[in-house]
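Novice: all I have is the shape, not the residue letters:
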DNA sequence: TGGTATAGTATCCTAAAAGATACCGTCAGG
DNA sequence: CCTGACGGTATCTTTTAGGATACTATACCA
């Protein structure tokens, strides 16, 4: 395990997961299973159609999610995690956990600063 | 655990850890312990002084690393993980692991595509 | 007297991510 | 015949991240 700095692979995982919307999409699909495009959009207030499409395409490209198109009108497209995508679950959950703690930790820091 | 989408805290953890340099800095300090500014810089080829300073300040701000200035000339400043910062370790290691696997997975996908 | 080492700042610039907005095709139902 | 639902594209603008470059202070050493 020498020279871990130059061979840091954290970035590879990070790339998949970063962004304003990707973690939300992944957690949502992990917890809720298969969802339609419109359901995803409704559950993410503030996201634009373009952004959602882009994020979904990128996740699909990396084999994290699966896209199934039903040939009907109006269109129906369903998204779900792939088996491979589900391997991200521990990381996402760990970050969610840590993040929840971190919100508290920051409050603690703030109140310490106020006293000083 | 309802409505996890709107209360997604992954972003909180992600913010700490994202960027071209932050994961590298954190992993380095986790593995190598206390390091001087110049040592950090040397171990990260390509980083500019400005960037390194900025990343370190931000990590310090979030209580992830500790900055100790020795009042001497030329200056000596040492950086190390805080106890709190070390709680990121499982996440970083998990991402490093996953990232390493992901590099292989991508190669598999590519060769499958070539066959088709 | 001038150069070197260390740990920075201060400006300016580019590239990438994100967002706003408008548009598209098509079938069913009124 | 017109409207709405659905799942998109196509442009354009704004915001943010990152990088290049030049500058700083000060003690020490030759």
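Specialist: That came through, no problem. It should be emphasised that the depicted structure is a prediction, and the values quoted were computed from it without experimental measurement.

Novice: if I look at residue A:68, how far off is residue A:77?
Specialist: Using C-beta to C-beta, to the nearest Å, we find residue A:68 at a distance of 7 Å from residue A:77. (C-beta placed from N, C-alpha, C; glycine too.)

Novice: looking at those two, which has the bigger crowd around it?
Specialist: Neighbours were counted for residue A:68 and for residue A:77 using other C-beta atoms under 10 Å in any protein chain shown; residue A:77 has more, 14 against 11.

Novice: okay, that one and residue A:31: tell me how far apart.
Specialist: Residue A:77 sits 20 Å away from residue A:31, going by C-beta to C-beta.

Novice: helix or strand for the nearest residue to residue A:81 once chain neighbours are set aside, which one?
Specialist: Nearest-residue entry for residue A:81: residue A:29, 4.9 Å, with adjacent residues in sequence omitted and distances by C-beta to C-beta, 6 or more residues apart in numbering or on different chains. Residue A:29 is part of helix A:22-32 when elements are defined by DSSP states H and E.

Novice: which SSE is immediately downstream of that helix?
Specialist: strand A:35-36.

Novice: show me the contact partners of stretch A:24-38.
Specialist: Stretch A:24-38 is touched from outside by A:17, A:40, A:43-44, A:52, A:55-56, A:59, A:64-65, A:76-81, A:85-86, A:88-89, A:92, A:96, B:1, B:4-5, B:8, B:10, with contacts defined as C-beta atoms under 8 Å, 6 or more residues apart in numbering or on different chains.

Novice: pull out the buried members of those.
Specialist: When burial is judged by neighbour count using 16 or more other C-beta atoms under 10 Å in any protein chain shown, the buried members of the contacts of stretch A:24-38 are A:17, A:40, A:43-44, A:52, A:55-56, A:59, A:64-65, A:78-81, A:85, A:88, A:92, A:96, B:4-5, B:8, B:10.

Novice: now, those that are in strands?
Specialist: A:65, A:78, A:79, A:80, A:81 (DSSP state E).

Novice: quick one: the last one and residue A:65 touch, right?
Specialist: In this case it means residue A:81. Yes - between residue A:81 and residue A:65 a contact is recorded at 5.8 Å, counting by C-beta atoms under 8 Å.

Novice: can you name the residues of chain A that neighbour DNA strand C?
Specialist: Residues of chain A lying near DNA strand C by C-beta under 7 Å from any atom of the strand: A:18-21, A:46-51, A:73-75.

Novice: where do the helices sit along chain A?
Specialist: In order along the chain, chain A carries the following helices (DSSP state H): A:10-17, A:22-32, A:37-43, A:49-61, A:83-86, A:89-115.
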